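Enquirer: only geometry, no sequence info:
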């Protein structure tokens with residue numbers, strides 16, 4: 001007798017580590033940290049409460065997630081990932097951003113995350129928003145110019 005191994009198809013892609021902005025039902029924008037469940041388990045084990053600290057000075061642009069039984073944050077577990085939603089503050093972007101696979105490492109049981117510039121530099125997200133708006137206006141103007149040129153060519157060729 002000959003047999004062939006049957007391998008089940010994966011049901012879901014493994015999660016991806018992300019730093020993004022979210023706004024639920026038109027509410028305030030917040031930064032959300034999404035950690036794949038497997039990576040979370042390796043880094044924190046069965047920890048349930050956490051402190052989240054923002055870097056200052058030489059550590060500006062970094063975020064530390066530290067397990068603490070009396071911590072103020074509790075991770076929200078989803079099917080394939082765990083999320084932390086940070087409270088809004090004066091540097092929280094007010095538009096949608098997604099930053100996938102930020103630099104990170106686990107040191108002494110704490111996870112250090114390198115935040116994208118838009119998530120922590122004052123005024124950076126506004127500069128990005130303004131640049132996006134300028135690019136959108138330029139694209140719209142180009143489309144109108146092309147459409148107008150095509151109409152002229154069509155008018156010249158038409159009897």
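Expert: Received it, and whenever you're ready, just let me know what you need. Quick caveat: nothing in here was measured; it's all calculated off a predicted structure.
Enquirer: measure residue 88 to residue 38 for me?
Expert: From residue 88 across to residue 38, the span is 29 Å (Cβ to Cβ, to the nearest Å). Bear in mind the C-beta positions are built from the backbone N, C-alpha and C, glycine included.
Enquirer: more neighbours: those two, which one.
Expert: residue 88 (16 against 12; other Cβ atoms under 10 Å).
Enquirer: so that one, which of the three states?
Expert: Secondary structure state of residue 88, per DSSP: H, G, I helix; E, B strand; the rest coil, is coil.
Enquirer: how about it: what's its closest non-neighbour residue?
Expert: residue 28 (4.6 Å; Cβ to Cβ, 6 or more residues apart in numbering).
Enquirer: and the pLDDT at the one you found?
Expert: Residue 28 is assigned 86 on the pLDDT scale.
Enquirer: please report phi then psi for it.
Expert: Torsion angles at residue 28 (phi, psi; degrees, to the nearest 10) stand at phi -70, psi 150.
Enquirer: correct me, but it touches residue 86?
Expert: No - between residue 28 and residue 86 there is no contact under Cβ atoms under 8 Å: 11.1 Å.
Enquirer: nearest the middle, which residue of the protein would you pick?
Expert: residue 20 (2.4 Å; Cα atoms, centre = their mean).
Enquirer: now do the contacts for the nearest residue to that residue once chain neighbours are set aside.
Expert: Leaving out its chain neighbours, the residue that sits closest to residue 20 by Cβ to Cβ, 6+ apart is residue 98, at 4.5 Å. By Cβ atoms under 8 Å, 6 or more residues apart in numbering, the residues touching residue 98 are 18, 20-21.
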